[in-house]
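Visitor: Following is a predicted model, sequence given first.
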Amino acid sequence: AAGAAVVSRADRDGVAVLSIRSPPVNALSHAVRTQLVAHVAAIGADTAIHAFIITGTERLFCAGADISEFASGYNEPTVADVATAIECAGKPSVAAISGFALGGGLELALGCHWRIAAPHVRLALPEVHLGILPAGSGTQRLPRVVGFRRALAMITAGSEIAAEEALQIGLLDRVAPNVLADALAFAAARPALRPTGARRPADCDEAPSLCKAARADVMASSPGLLAPLAAIDAVEAAATLPLAEGLQRELELAAELMLSPQAAALQYLFFAERRAHKLPFSLPQDQLKPVRRAGVIGAGVLGAGVAACFLLHGIPTTVIEANTHRLARAHASIRARLGLPRLADSGDPVKQRAMALATFTLDFGALRNVDLVIECVDEDLALKIDILQRLERVCSSDAILCTSTASLDTVALAQPLRRPYSIVRLLFSPPVEKTRLVEVSAATPLMSKHALASVFTACRAISKVPVLVPHKRNHLVGARLLEGYFREALALLDEGATPSQVDAAVRAFGFARGPFQAMDIMGLDMWVRQHADSDASTLCKVLVKAGRLGLKTRLGWYFYPLDKADGVPDAGVRRIVAAHGAARGRTRGPIADQEIMERCILPVVNEAYRVLAEGVLQHGSDIDIVMVHGHGWPRQRGGPLFYSTQRGLQDVLDALVAHAPASPNASLFEPAPLLAELAGKGETPDLRRGPTIAKL
């Protein structure tokens, strides 16, 4: 209700306790900010109060800014105004932190003179992931508390830290199980005033060299991203300017980012991820199956990656293999994916603890108590049926049984089982331990809501983004969208482009790697197997026949020297490509990078509209989630559908028509009917909506 109290005050023996109560995540809405400032002013004038505490609920302190306010702009008081009011109240202030303090929540805590937290809190300034920077004084106050070097790393990465590390670096002053009680006792002892703004950042003399190195790292690891670079500029101001001037610089840089297309794209993805996590039905929490123990059968490339994900998130995992040789290989493979050296007792202690949660065995009986098990064996229908039947006999009746098949008929796979409706297909995007996408579908049209909902919960537990897709055979959304991308990239070689030129043009758009680099990493033999029926695979088959299988043989589209991390262009490939183009009668000549980029990217956008029109996903934005989190589409572009709305649908339509005559793949450039219809009406798609569950 309008004017409702979202910040309460309770006085205890000269200590005022301000509690934020703004469900669901205690976001710093305008109402919260306004009430905090009013309470702090009243406390400053109250002679009966000698200190005050700011806290949230028992479960969380504050999740940060209210993102829904971004579109309309911040009204005063801002988060920085609140932090300054707390710091300048003239009385000691203590932040009592439970759960997490993210973004504006941490900035609020930085305005306090002292910070006490529960043992399991998480702290972060993650704004760069939304295309902005911490604009509530975070770039100015954090360096003054933890030092310039650490603040720069935290802010540019937007990464979370735990209570133990926060205590070590000085971000927290104390860690206590009963946070509020400890904070009350601390405040009652009349702690000193310790305004953050008056402090000088430690190691600020190194600021120029640290900022130079940070900019180089960002440009290498996140090319094209604006927010981390602007954040570096803002943090640099903390080393050279007084607090008030630094805050003004922070505000100027934040205002520029807030209006940028990148910020719009990244904030769109934030909400798209939240939608993707929601199923079209709800079940009581106590009916969901929590995954406390997992099982993986078959620890090849896929299985080892899946096992590593469970282990890294503290879930004990049993790995089953066919023989002792494969079991030993699985052990080594999972250690490698965890980033551990071969020596058993060496490496990062955290990752060693994760590895210690793994059990390796040949005995299916070891899966008796697992909550979820996934088979990751070869694409052999009889083999997979046999494994799932054995699991039905061994596992508990409420265990979630999953298949990883990408090409087999899941109905045929589930039909011989006692509980076919409970089988769930999970399609992880490689490399599993680095990508976040999981395409989830029921094996049959009749599905168990409990199984699906429990799988979605499990995906969240291992930091994956699940997208519900149809149970139809071979319905892999990402693979379908990328089919035209690869076909056109190969066609461009026949016309005179080189693999390195195509890859560079696509990287300039924002992809981490181009199509030919991706094929080399996957393995050209694997790529040919997956595209055996496509005419586009002809040239790849020539390379495979010549023994060029990609990175694993150090020779594919590129040559991979032992002393270099990346491949280098190879004269042998140029000869093979030229001969192939001549045999097909293609006219070869120079091609502009812009044309290369558009001819690779536009077929993806066009096909995305065909998928959208079919209504087979829960939300239109799920298509963008699939491409961003599973197939390398640059986050700052928001996904193919969002990109089209930013560029303008008519411009996309015109570009498709313009490029069609040059391409041998005319169907890729024939505008999707929905795209043409919306462009003709001057409309854009509503990416929030999707079909009913019946269509899935």
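Guide: Looks like it arrived, so ask away. Numbers count the residues shown, from 1 in each chain.
Visitor: Quick one: mean pLDDT for stretch 220-232?
Guide: For stretch 220-232, mean pLDDT rounds to 93.
Visitor: First-to-last residue distance for it?
Guide: Taking C-alpha to C-alpha, to the nearest Å, stretch 220-232 runs 15 Å from one end to the other.
Visitor: where in the chain is pLDDT low?
Guide: Scanning the chain for pLDDT under 70 picks out the ranges 1-3, 71-74, 343-346, 472-475, 689-696.
Visitor: which residues of the stretch 201-350 of the chain fall in strands?
Guide: Assigned by DSSP state E, counting those that start in this stretch, the strands in the stretch 201-350 of the chain fall at 294-297, 317-320.
Visitor: what's the offset of the last one from the middle of its chain?
Guide: A distance of 26 Å separates the C-alpha centroid of strand 317-320 from that of its chain, computed with C-alpha atoms, centre = their mean, to the nearest Å.
Visitor: Could you spell out the sheet neighbours of it, each with its direction?
Guide: With DSSP bridges as the test, strand 317-320 is paired with strand 294-297 (parallel), strand 358-361 (parallel).
Visitor: The last one: what's the following helix or strand?
Guide: From strand 358-361 onward toward the C-terminus, using DSSP states H and E, the following helix or strand is strand 372-375.
Visitor: Show me the helices in the stretch 301-450 of the chain, by range?
Guide: Applying DSSP state H, counting those that start in this stretch to the stretch 301-450 of the chain gives helices spanning 301-312, 324-337, 349-355, 381-394, 410-414, 449-461.
Visitor: Now do the top helix by length along the chain: which elements does it pack against?
Guide: Once the chain is assigned using DSSP state H, the helix that runs over the most residues is helix 593-614. Applying 3 or more C-beta pairs under 8 Å, 6 or more residues apart in numbering; DSSP states H and E, one finds that helix 593-614 contacts helix 477-494, helix 499-509, helix 621-631, helix 640-647, helix 649-659, helix 673-681. For glycine as for every other residue, the C-beta is placed from the backbone atoms N, C-alpha and C.
Visitor: If you count contacts, what does the shortest one end up packed against?
Guide: The reference is to helix 640-647. Judged by 3+ C-beta pairs under 8 Å, 6+ apart, helix 640-647 is in contact with helix 261-276, helix 593-614, helix 621-631.
Visitor: Same question for the longest one.
Guide: Identification of packing neighbours for helix 477-494 by 3+ C-beta pairs under 8 Å, 6+ apart yields strand 437-442, helix 499-509, helix 515-522, helix 538-545, helix 571-583, helix 593-614, helix 621-631.
Visitor: The shortest one pairs with which strands, parallel or anti?
Guide: Okay, so that is strand 437-442. strand 423-428 (antiparallel), strand 465-468 (parallel).
Visitor: Run through who's touching the last one.
Guide: So the one you mean is strand 465-468. With contacts defined as C-beta atoms under 8 Å, 6 or more residues apart in numbering, strand 465-468 is touched by 273, 276-277, 279-280, 436-441, 452, 455-456, 459-460, 477, 617-618, 622, 625-626, 629, 696.
Visitor: now swap in the longest one and tell me
Guide: If you take C-beta under 8 Å, 6+ apart as the criterion, strand 423-428 is touched by 302, 305-306, 374, 388, 400-406, 410, 413-414, 417, 435, 437-444, 451-452, 455, 464, 469, 471, 476.
Visitor: and those, which are buried?
Guide: Neighbour counting by 16 or more other C-beta atoms under 10 Å classes 302, 305-306, 374, 388, 400-406, 410, 413-414, 417, 435, 437-444, 451-452, 455, 464, 469, 471, 476 among these as buried.
Visitor: returning to what we had before: deepest-packed of the helices of the stretch 301-450 of the chain, please.
Guide: helix 301-312 (a mean of 24; mean count of other C-beta atoms under 10 Å).
Visitor: And that one, how far out from the chain middle?
Guide: 17 Å.
Visitor: Provide the contact partners of that helix at residue level.
Guide: Residues contacting helix 301-312 (C-beta under 8 Å, 6+ apart): 294, 296-297, 299, 317, 319, 330, 333-334, 337-338, 351, 354-355, 357-358, 374, 376-377, 404, 428, 430-433, 462-464.
Visitor: swap in stretch 368-375?
Guide: Stretch 368-375 is touched from outside by 289-298, 303, 306, 318, 367, 384, 387-388, 391, 394-396, 399-404, 426, 454-455, 458, with contacts defined as C-beta under 8 Å, 6+ apart.
Visitor: in that stretch, what's buried?
Guide: Buried residues in stretch 368-375, counted by 16+ other C-beta under 10 Å: 370, 371, 372, 373, 374, 375.
Visitor: Now for those residues: which two are most distant?
Guide: Among the buried residues of stretch 368-375, the pair separated by the greatest distance (C-beta to C-beta) is 371 and 375, at 15.5 Å.
Visitor: thought residue 461 was touching residue 292?
Guide: No. Residue 461 is not in contact with residue 292 according to C-beta atoms under 8 Å; the separation is 9.6 Å.
Visitor: any shared contact partners between these two?
Guide: Common neighbours of residue 461 and residue 292 (C-beta under 8 Å, 6+ apart) are residue 315.
Visitor: gap between the closest residue to residue 538 other than its chain neighbours and residue 540?
Guide: Counting by C-beta to C-beta, 6 or more residues apart in numbering, residue 538 lies nearest to residue 580, which is 7.5 Å off, once chain neighbours are set aside. To residue 540, residue 580 is 10 Å away according to C-beta to C-beta, to the nearest Å.
Visitor: Compare these two (neighbour count), which wins?
Guide: Ranked by neighbour count (other C-beta atoms under 10 Å), residue 580 and residue 540 place residue 540 first, with 23 against 17.
Visitor: if you skip the residues just before and after it, what's nearest to the most centrally placed residue in the chain?
Guide: In the chain, the centroid-proximal residue (C-alpha atoms, centre = their mean) is residue 436; its distance is 5.7 Å. Leaving aside its sequence neighbours, residue 436 sits nearest to residue 629 (C-beta to C-beta, 6+ apart; 4.3 Å).
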